[in-house]
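> Provided below are the primary sequence and the corresponding predicted coordinates.
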Amino acid sequence: MKVAFVKQQLDSFGPWSSVRYADVGPDGLFDVWPGKVVLWQATVQLQADWYVVPQAINTQYTFDSVLNDSGQAEICQRYTRNMVRSSEIQFDEYDVVISFDPVLQPLRGTRTLFAYYMHEHWDISYFRSLHRVMHGYDLFFAHMMDALPDVQRLPQALSFPYIWNIETTRRMFGVEKEPFAWIDYRTVVVLSGGGRTGEAVEGAMARLQQMLGMPLRHRPLKAGLYRPADPPLWGDARGYFRELAPAKYYIGVGRASGGGQSLVDAASLGAICFGEKDKPFHRMLCHPACLCDDMVDLPRQFRLVNASHDLQIEILAWQDRALRAKFIDEPIALLSEAVVKKTRLIRTQ
């Protein structure tokens, strides 16, 4: 199955250059991809190509991430490379084309399956897409897992997580585990009462470290989905993975919002992950012993797991099965099924 991803120029998420996967490989992607790389693992797993196209629409995400800050659009424009017009992309080469926000005018009468994610679940277009897929697209991928769980018809909204990877990720970044827990930076911010200063953050870290009886580390990506740096921080995510890789544990409990993607990154690197029941990706991946109602539950459950070598082995096996099933095999099977349905639909027209 051949896959392409498409993003706009003022979308700071994703690589800032059109690239063929075969030309750059997994490590080369980091050199054109500043900041958060949730879809790096999906790109590697699917061996997908990327296309950057001129700005077609501005969503709430576009305004919040770029347009509302003076000079941010100019940074994206200055450093984006190899941009192509959507009319120049040979979509017929691909079985699946996935865009970020509905920025394309999908071809009619083609067997190619067109799908889209919305970057943010709070964007009004996310809610609208749950009820009606944007014109011309076959699927809306609801990454908060709040749509139909299977492919019943085209077009439709489909519960669809981001796709992850195990083999290449661990080959590139796998190292021996060390006795410390990595804590999601957003959890630290919540624990510090919203403070982001060094004093507030370090105080929150010290209090939690004392409760858990375990050294803690954290490190936010210096460039995330918002406010790109000038120049962009190429390779920042490569460094993030290298620092995260030795962590024996990962704590994503108490974070304010979102689906919980960072926890799945940690699981792909072999960390024992503590998550929260109100996060869809955490429910899909975490062992019951590591799934907390809230931060109040965390110290007791953490100490229980940390005291049992047998339970740790069980948890890691559980996570690997869940990671492979829920974030690799099942979504790829859904894609394949949708491609078949699209081909049959075209043949009957």
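That came in fine, so what should we check first?

> any idea which helix or strand in the protein has the lowest mean pLDDT?
helix 185-191 (a mean of 80; mean pLDDT, DSSP states H and E).

> by contact count, what packs against that helix?
On a contact count with 3 or more Cβ pairs under 8 Å, 6 or more residues apart in numbering; DSSP states H and E, helix 185-191 meets helix 198-212. Using the backbone N, CA and C atoms, a C-beta is placed for each residue, glycine as well.

> any residues touching the helix it packs on, and which ones?
For helix 198-212, contacts defined as Cβ atoms under 8 Å, 6 or more residues apart in numbering pick out 181, 183, 188-189, 191-193, 195, 215-216, 218, 298-299, 302-303, 306.

> same question, stretch 281-301
The contact list for stretch 281-301 (Cβ under 8 Å, 6+ apart) reads 145, 161, 191, 211-212, 251-254, 259-261, 263-264, 267, 272-277, 304-305, 311, 314-315, 318-319, 322-323, 326-327.

> Gln156 and Asp150 touch, don't they?
No: judged on Cβ atoms under 8 Å, Gln156 makes no contact with Asp150 at a distance of 9.6 Å.

> residue contacts, Arg108?
By Cβ under 8 Å, 6+ apart, the residues touching Arg108 are Gly136.

> which of the three states applies to it?
Judged by DSSP: H, G, I helix; E, B strand; the rest coil, the three-state class of Arg108 is coil.

> where's it relative to Gln349, distance?
According to Cβ to Cβ, to the nearest Å, Arg108 and Gln349 sit 9 Å apart.

> kindly report the same for Gly213.
As judged by Cβ to Cβ, Gly213 and Gln349 stand 64 Å apart.

> neighbour-wise, which of those two wins?
The residue with more neighbours, out of Gly213 and Gln349, is Gly213; 10 against 6, by other Cβ atoms under 10 Å.

> so how far is the longest helix seen in the chain off the chain centroid?
Ordering each helix of the chain by length in residues (DSSP state H) puts helix 330-348 first. Chain-centre distance of helix 330-348: 23 Å, with Cα atoms, centre = their mean, to the nearest Å.

> do stretch 339-349 as well
The answer for stretch 339-349 is 30 Å, by Cα atoms, centre = their mean.

> tell me the contacts of the spatially most central residue of the chain?
In the chain, the centroid-proximal residue (Cα atoms, centre = their mean) is Val38; its distance is 3.0 Å. With contact set as Cβ under 8 Å, 6+ apart, Val38 has these partners: 162, 261, 265.

> out of these, who's the most crowded?
Going by other Cβ under 10 Å, Asp265 tops the contacts of Val38 with 24 neighbours.

> secondary structure element holding that residue?
Assigned by DSSP states H and E, Asp265 belongs to helix 261-268.

> follow-up on the earlier one: quick one: which of the contacts of helix 198-212 is nearest to Pro228?
When those are compared for distance to Pro228 (Cβ to Cβ), Val189 comes out closest, at 20.4 Å.

> how many other residues sit next to the closest one?
Per other Cβ under 10 Å, the neighbour tally for Val189 reads 20.

> equivalent analysis for Asp11, please.
25.

> quick one: list the elements packing against the helix holding Asp265.
With contacts defined as 3+ Cβ pairs under 8 Å, 6+ apart, helix 261-268 has these neighbours: helix 38-46, helix 236-244, strand 247-251, strand 272-276, helix 280-285, helix 309-324.

> per-residue confidence averaged over that helix?
Regarding helix 261-268, the rounded mean pLDDT is 94.
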